[in-house]
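[1] sharing a model prediction with you, sequence too.
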Amino acid sequence: MIRMRTRLLVLHILVVVLLVVLAVRLWQVQVVRGQEFVTRAMETRTRTVIVPAVRGQILDSSGRPLVRNRTALVVSVDRTKLNRMPGGGMSVLRRLSAVLDRPVKDLRQRITPCGPGVGKPCWTGSPYQPVPLDEKVDTREALQILERQEEFPGVTAEIHSVRQYPGGRAGAQMLGYLQPVTEAELEKREGLKASFSGVDLAGRDGIEYVYDDALRGKSGLRRVQVDRMGKALGVEEQVQPVAGDHLVTSIDSRVQAVTEKALAHAMKSAPGADGGAAVVLDARSGRVVSVASAPGYDPEIWAGGISAKGYQWLLSDKSGKPLVSRAINGQFAPGSTFKVSSVSAMLRAGYPLNGTYDCPGAYMVGDRSFSNFRGIGLGQMNLHMALVKSCDTIFYRAAYEQYLKDGGRNPKKRTKEVFANTARAFGFGERTGVDLPGESSGRIPDRAWKKDLWNRTSATSCERSRKGYPEEKDRARADFLKLLALENCTEGFLLRPGDSANFAIGQGDVLVTPMQLARAYMALVSDGKVRSPRIGWAQVRPDGKVVKTIDVPVVGKLPISEKERLYIKNALSQVPSDGTAAGAFTGFPMDKVRIGGKTGTAEVWGKKDTSWFASFAPTKNPQYVVVVMVSQGGMGASTAAPAAREIYEGIYGFKGPAAVPGGKLPTKLPKFAPDGTVIHQ
């Protein structure tokens, strides 16, 4: 009996202690930390959802859409609701997989929030916002979901805005594409993280990337009240998004179509051609009228997300790397189109403008003979005819003489390097600054460049000079490469006599981009000012008000006098009628529109020649500068020049409707109605 009472007493004491502890804890929670927990409870009841803005359109110079928005049915999943279902909603995903014809694993991965250890694709947006799974569903698939909502709880099919390209493949590399923003980009691009919803897409290439901030607009905001289970109770606050500005460009969609077609014909006409580019500039304003690159691709491939296989195809050698723009990224030896710089270098060095020069079939540069095209001598001529007939030996001699004046193999402390410095003044060897990302700078190989290259490659060259090239099947080529490696090992830091000769005719180590060459010719045939070309012309609000006009900056001046500039221009004006491009322009109505230009045929080791034609029209008061390049296209007169002719015929309407009636490009922005639509005049 005493033992029973003792047990009851202990039990009573234990109960009292527990009640005291509970009372103390309740006092702490409700009194001491009450306000803290109330605040936390209120915070968890509000969730912020960012509402994406409608992206602005990209328009051509007359207001025609190059990139516009279209509505599409988008299937989305509320992952919060899905996760509250038995089995995490896997049964719903299996049914959805059957409708969309996509693996369950892919759907599950798509709705998984991004984080450490989570692979791609994953969801970067708010957990209180539906996750878009498919942007290419048809009406039949959408109806299966909407009419059987009991089988698809948490799944919706809604209208969404996606990008559309009226011109198809035209200008795909120039226009760029959209992709979901990565975590790295969110951290790198200031202001993007605060306004990114996860549904938004950001420009990743082309002018979509350069003008992304203006095109994207300003996201809206929705504050949603939810219960402790995450179920939405109502909207507490809502701020409407602000649509992005439209971007008016200087691109003429009709000229772009003509350029794409001409380039495609050029590629087809040259068996073995593996890439090409065409650039059309407005010589009067410095703006880009069209820019094409081949091979191209359909930008619709990005809509709704690109597959890993599709992305690899865009970058593969087998497809020709269509994602890469040959117009601004491609670097090629320019051949004789580069002679406009070499003539200017001769004039700067003191060679007489109206002098007479001998054009033999070959000329000795050091201990090596450098030949004219097919070894043909053309006799005595002036610089005018040297450009028209494209005499190489005149330029070999001048470049070699200047090389010797600088000290040859034993350079002076202060070398003039007149040919290299003149080329830089033309804008070669540096980016043009065109408003496109990823532009290449080309290469002007001078003495400093040779030393730097040797410092970086001498160890490899010396090793190869000892081991040779056992992997090379062609023994003659292997022996040549081994000998070349020995030469580069022992004296690769020296600018050789042959380097100077090759430089003068745009061969050897000289590399330019089609955009650089077009920019140089634009300066030569207009006013002598070197400009940084622009595609963007103006930003226009959705209501039609012009927000900003994008100017074309002057970044330099040609190093020749006005008289010398006109002399070179007049010589080029004779090339399509009496010079190296005469065959390509036979029958062209020169009495209506006279074309000037220069052909270029650049040799490439182990490949066919690179075909070039740099031109302008009309010759008296140029409106257009057209440059065409076809890699492994053969002679400039046989591939690039006919393509340029086709572009001019399309612009002026010599073989059909004129792309630009009267040949005059617009000088004023298109007019917009108050609702933002373009008023076509």
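    Yes, it's here.
[2] and the lowest mean pLDDT element among the helices and strands of the protein?
    Every helix and strand of the chain was ranked by mean pLDDT, DSSP states H and E. The lowest is helix 192-195, at a mean of 55.
[3] for the stretch 1-150 of the chain, which segments count as helices?
    Secondary structure of the stretch 1-150 of the chain by DSSP state H, counting those that start in this stretch: the helices cover 2-27, 34-43, 79-83, 90-100, 104-111, 139-146.
[4] give me the mean pLDDT for the third one.
    So that's helix 79-83. Averaged over helix 79-83, pLDDT sits at 77.
[5] all numbers from here: first residue = 51
    In the new numbering, first residue 51, that becomes helix 129-133.
[6] next one: it to chain centre, how far?
    Helix 129-133 sits 40 Å away from the centroid of its parent chain (Cα atoms, centre = their mean, to the nearest Å).
[7] try the fourth one
    On the basis of Cα atoms, centre = their mean, the separation between the geometric centre of helix 140-150 and that of its chain is 39 Å.
[8] what comes up buried for stretch 463-477?
    T465, E467, V468, F469, A470, N471, T472, A473, R474, A475, F476, G477 (16 or more other Cβ atoms under 10 Å). All C-beta spots, glycine's among them, are computed from the backbone N, C-alpha and C.
[9] which of those fall in helices?
    V468, F469, A470, N471, T472, A473, R474, A475 (DSSP state H).
[10] OK, contacts around the fifth one?
    By Cβ atoms under 8 Å, 6 or more residues apart in numbering, the contact set of T472 is S391, S392, S394, A395, R398, P609.
[11] for those, which one is nearest R481?
    S391 (17.3 Å; Cβ to Cβ).
[12] quick one: contacts for the closest one?
    F469, T472, A473, F476, F478, A570.
[13] ok, now G113?
    V298, P720, F722, V728, H730.
[14] the helices of the stretch 51-200 of the chain: lowest mean pLDDT?
    helix 84-93 has the lowest average pLDDT among those, namely a mean of 61.
[15] what mean pLDDT does stretch 680-700 get?
    On average, stretch 680-700 scores 97.
[16] what is the end-to-end distance of it?
    19 Å (Cα to Cα, to the nearest Å).
[17] buried ones in it?
    In stretch 680-700, counting by 16+ other Cβ under 10 Å, buried: 680-700.
[18] which ones among those are found in helices?
    Using DSSP H, the buried residues of stretch 680-700 in helices are A691, P692, A693, A694, R695, E696, I697, Y698, E699, G700.
[19] okay, those in a markdown table with distance to L183 next?
    Shown next, in a markdown table, are those (distance: Cβ to Cβ, whole Å):
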| residue | distance to L183 |
| --- | --- |
| A691 | 51 |
| P692 | 49 |
| A693 | 44 |
| A694 | 47 |
| R695 | 50 |
| E696 | 45 |
| I697 | 44 |
| Y698 | 49 |
| E699 | 48 |
| G700 | 43 |
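[20] from the buried residues of stretch 463-477, which is closest to A554?
    Distances from A554 to those, taken by Cβ to Cβ, are shortest for F469, at 6.2 Å.
[21] helix, strand, or coil at the closest residue to that closest one other than its chain neighbours?
    Among residues not flanking F469 along the chain, A395 sits closest, at 4.4 Å (Cβ to Cβ, 6 or more residues apart in numbering). Look at A395: counting by DSSP: H, G, I helix; E, B strand; the rest coil, its state is helix.
[22] what is the burial count for A395?
    28 (other Cβ atoms under 10 Å).
[23] these two touch, right, it and R474?
    No - proximity of A395 to R474 does not meet the contact threshold set by Cβ atoms under 8 Å, at 10.7 Å.
[24] got any ranges where the stretch 301-450 of the chain has weak pLDDT?
    354-358 (pLDDT under 70).
[25] C-alpha coordinates for stretch 472-488, CSV please?
    Taking Å, rounded to 0.1, in the frame of the first residue of the first chain, the C-alpha atoms of stretch 472-488 are listed here in CSV:
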residue,chain,number,x,y,z
THR,A,472,47.5,51.8,-93.3
ALA,A,473,45.4,48.6,-93.1
ARG,A,474,44.6,49.4,-89.5
ALA,A,475,43.5,52.9,-90.5
PHE,A,476,41.0,51.2,-92.9
GLY,A,477,39.6,49.4,-89.9
PHE,A,478,41.2,46.0,-90.4
GLY,A,479,42.6,44.1,-87.5
GLU,A,480,39.9,45.4,-85.1
ARG,A,481,36.2,44.8,-84.5
THR,A,482,33.9,47.1,-86.5
GLY,A,483,31.7,47.5,-83.4
VAL,A,484,28.5,46.5,-85.2
ASP,A,485,25.7,45.9,-82.8
LEU,A,486,26.0,42.2,-82.9
PRO,A,487,27.7,40.0,-80.2
GLY,A,488,30.8,37.8,-80.7
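[26] report the mean per-residue pLDDT for it.
    97.
[27] the host helix or strand of Q362: which residues count as buried?
    Assigned by DSSP states H and E, Q362 belongs to helix 358-365. Within helix 358-365, the residues that count as buried by 16+ other Cβ under 10 Å are W363, L364.
[28] and stretch 322-334, by the same measure?
    So, applying 16+ other Cβ under 10 Å, buried residues of stretch 322-334: A323, D324, G325, G326, A327, A328, V329, V330, L331, D332, A333, R334.
[29] widest-spaced pair of those residues?
    Between any two of these (Cβ to Cβ), the greatest distance is 34.4 Å, for D324 and R334.
[30] correct me if wrong: N432 contacts G405.
    Yes - counting by Cβ under 8 Å, N432 does reach G405; the two are 6.7 Å apart.
[31] list the contacts of the residue nearest to F469.
    A448, A449, Q452, V468, F469, N471, T472, A473, A554.
[32] where do the strands sit along the stretch 401-550 of the chain?
    Using DSSP state E, counting those that start in this stretch, the strands of the stretch 401-550 of the chain run over 407-409, 412-415, 418-421, 429-431.
[33] what are the contacting residues of the second one?
    With contacts defined as Cβ under 8 Å, 6+ apart, strand 412-415 is touched by 419-422, 425, 443, 446-447, 450, 547-548, 550-551.
[34] residues near G416, how many?
    Neighbour number of G416 under other Cβ under 10 Å is 16.
[35] so how far is G548 from it?
    G416 sits 7 Å away from G548, going by Cβ to Cβ, to the nearest Å.
[36] one more: Y450?
    Using Cβ to Cβ, which is the criterion applied here, Y450 is 9 Å from G548.
[37] the two: who's more crowded?
    Per other Cβ under 10 Å, whichever of Y450 and G548 has more neighbours is Y450, with 21 against 18.
[38] if I pick the residue nearest to I378 when sequence neighbours are not counted, what's in contact with it?
    Computed as Cβ to Cβ, 6+ apart, the closest residue to I378 that is not its neighbour in sequence is E489, at 4.5 Å. The neighbourhood of E489, defined by Cβ under 8 Å, 6+ apart, consists of I378, N379, R481, T482, G483, T563, M565.
[39] repeat that with 7 Å
    I378, R481, T482 (Cβ atoms under 7 Å, 6 or more residues apart in numbering).
[40] roughly how far apart are the first one and G578?
    The span separating I378 from G578 equals 24 Å under the rule Cβ to Cβ.
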